[in-house]
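> only geometry, no sequence info:
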C-alpha cells in the first residue's frame with residue numbers, strides 16, 4: 001500500500017519510511033525489491049541528464 005502511495009506521489013519517501021519505522025535508504029531498498037520505481041525520470045529528461053561533458057565543463 002505504501003509503495004502505491006509513494007509511486008503515485010501521494011506520500012514522500014520520508015513519510016513512507018517514518019510510517020514503517022525505517023530510514024529512507026531502507027525504505028527505498030524495499031520499494032525497489034518489490035518492483036516500485038524509486039527514481040522515475042521521464043525518458044527525455046533522463047537522456048538529457050546522461051549527456052554530460054567528460055571534462056566537467
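Received it, and whenever you're ready, just let me know what you need. Keep in mind the model is a prediction, meaning the values are calculated, not measured.
> What's the separation between residue 5 and residue 51?
33 Å (C-beta to C-beta, to the nearest Å). Every C-beta, even on glycine, is put in place using the N, C-alpha and C of the backbone.
> Settle it for me: which of these two has more neighbours?
residue 5 (14 against 6; other C-beta atoms under 10 Å).
> Can you classify the residue lying closest to the more buried one once chain neighbours are set aside as helix, strand or coil?
Once its chain neighbours are removed from consideration, residue 5 has its nearest residue in residue 11; the separation is 4.6 Å (C-beta to C-beta, 6 or more residues apart in numbering). Taking DSSP: H, G, I helix; E, B strand; the rest coil as the rule, one finds residue 11 in the coil state.
> most centrally placed residue in this structure?
The centroid of the chain falls nearest to residue 38 when counting by C-alpha atoms, centre = their mean (2.4 Å).
> Can you pull out the low-pLDDT segments for this protein?
Under the criterion of pLDDT under 70, the regions of the chain flagged as low confidence span 53-57.
> Would you agree residue 31 is in contact with residue 11?
No. At 11.5 Å, residue 31 does not count as touching residue 11 under the criterion of C-beta atoms under 8 Å.
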